[in-house]
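Trainee: turn this into a model:
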Amino acid sequence: MALQECRLNLNQKLKELRLHGTLEFPCAGYSSYYTGRQEDSIPWHWHEEIEMVYVAEGRLELKIPSESFYVETGDAFVINSNVLHYAIAADYCKLHSLVFHPTLILGNEDSVFAKKYVRPLVSCHAFSGCAVSRFENAHVIQWFCSAFDAIVQEPPGFEFVVRENLSRVCFFLTEKFKDELEVPETLQSQDNLRIRKMLEYIQRYYFDDIKLADIAKAADIGERECLRCFQKTIQLSPIQYVLKYRIIRGAEMLLHNPENSISEIATACGFESPSNFSKIFKRFYKCTPREYRKKEIYCLRWNKPTFLILESIIFLPFSVQTTRQIPATLLESCH
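Mentor: A predicted model of the protein is given here:
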C-alpha cells in the first residue's frame with residue numbers, strides 16, 4: 001500500500017472527498033513537511049475517518065472548534081470522525097499521519113466492536129480531539145509507530161499489524177472517554193454543526209451581498225448567537241471570515257485565471273471596486289494583486305493547490321460590499 005500523496009480535495013461543505021486507502025482496506029498513511037507560511041497550512045476540513053497525527057520533527061498548531069493545541073516533537077493527536085480541524089506548522093514540522101475509517105476496526109455494524117466500542121466512540125460529543133503525550137502515553141505513540149511502519153514497509157500480513165495497533169488506540173480512547181460516551185449532546189457539538197452550516201453558506205454565496213442575518217439564518221440561529229459561535233469556534237467574526245474568504249478566492253483566481261483582469265476578479269469576489277480589493281489584498285498578502293500574480297511560478301514550483309486558509313485574521317476596517325454582475329467564466333472556475 002505504501003504512503004499516499006498528501007493532497008486535499010474539499011467540497012463546499014469542507015468535506016474531504018478523496019478515498020483514504022481502499023474500500024477493502026480503508027486506511028492510508030501520509031508523511032509530509034510543512035512550514036509556517038499561510039499557503040502551507042492545512043485548511044479547515046472534515047472527513048468521516050478518524051485521523052491520528054504524529055509530529056516527527058518541529059511543532060504543530062492544531063485547531064478544532066473552540067480549542068487550539070500545540071503538538072510537540074514526539075507527541076501525537078487524534079481527531080474524531082466528522083470533526084472540523086485546521087493545522088499550521090509553528091515555523092516548520094514533519095508529520096506522519098494515519099487516516100482510517102471506523103469500519104477498519106468494527107468489521108460490521110452488528111459486531112461487538114461496533115456496538116460496544118467504535119460507534120459509541122465516534123458519536124461521543126466529548127471526544128472531538130485528544131492529545132497524546134510521549135511522556136504519559138508512550139505506549140500509544142508506539143502503537144501508532146508500529147502501524148505507520150507497517151503501512152510504509154508492507155511486510156506480509158501488514159494489514160493485521162495496522163488493524164491491531166489502531167484497535168489498541170481506539171480502545172485507549174474509549175477508556176479515556178468512557179464516562180462521556182453516553183452523555184447528551186453538548187453546546188460544543190451544537191456549535192460544530194452550526195459553524196459547518198454557516199461556512200457552507202458563506203462559501204456558496206461569498207460573492208453576494210452577505211449580511212450577518214443571512215449567515216445566522218443558514219444555521220437557524222439569531223445574530224447574537226451567530227457572533228458567539230464564530231468567535232468561540234474559529235476566533236473570527238462572521239464578516240471577518242467573509243472578507244478573508246473573498247481575498248483567498250481572489251488570490252486563487254489571480255493564479256488560475258490569467259486571462260481575467262484584476263477588475264473582473266474583484267467583481268467576482270464581491271468587492272465594489274478594484275481599488276478596495278487591492279487595498280485589502282495588500283493588507284493580507286503584503287503585496288498587490290498584480291505582484292502576487294507574478295509569483296505564480298512559486299506556486300507551480302512547490303506544486304501546492306490554493307486552499308482555504310481560515311486561521312486568525314488581522315482586523316481590516318473596511319466595508320464589504322458586492323457588485324451586481326459577475327463574469328460567468330470566473331464563477332465556473334470557482335465551483
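Trainee: for E164, which three-state class applies?
Mentor: When classified by DSSP: H, G, I helix; E, B strand; the rest coil, E164 comes out as helix.
Trainee: can you check I265 too?
Mentor: helix.
Trainee: so who does it touch?
Mentor: By Cβ atoms under 8 Å, 6 or more residues apart in numbering, the contact list for I265 reads G250, M253, L254, N257, F277, P289, L330. (C-beta placed from N, C-alpha, C; glycine too.)
Trainee: please apply the same query to F113.
Mentor: Contacts for F113 (Cβ under 8 Å, 6+ apart) come out as I105, L106, G107, S167.
Trainee: now the strands for this structure?
Mentor: Using DSSP state E, the strands of the chain run over 27-35, 42-45, 50-64, 67-71, 76-79, 85-100, 129-132.
Trainee: show me where this protein has helices.
Mentor: Applying DSSP state H to the chain gives helices spanning 103-106, 112, 119-122, 138-153, 158-176, 187-205, 212-218, 223-234, 238-256, 262-268, 274-285, 289-293, 296-302, 328-333.
Trainee: how about those, which one is nearest S128?
Mentor: When those are compared by Cβ to Cβ, helix 187-205 sits nearest S128, at 7.2 Å.
Trainee: what's around K295, how many residues?
Mentor: For K295, the neighbour count with other Cβ atoms under 10 Å is 14.
Trainee: so where's the stretch 51-200 of the chain shaky on pLDDT?
Mentor: Within the stretch 51-200 of the chain, the stretches with pLDDT under 70 are 182-189.
Trainee: mind running it again at 80?
Mentor: Residue ranges of the stretch 51-200 of the chain with pLDDT under 80: 66, 108-109, 181-192.
Trainee: follow-up on the earlier one: tell me which of the helices of the chain lies nearest to L17.
Mentor: Comparison of the helices of the chain against L17 by Cβ to Cβ identifies helix 187-205 as nearest, at 14.4 Å.
Trainee: before we move on, back to that, could I get the contacts of I265 as a markdown table with pLDDT?
Mentor: Formatted as a markdown table, the entries for these read as follows, by pLDDT from 0 to 100:
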| residue | pLDDT |
| --- | --- |
| G250 | 91 |
| M253 | 89 |
| L254 | 89 |
| N257 | 86 |
| F277 | 93 |
| P289 | 91 |
| L330 | 41 |
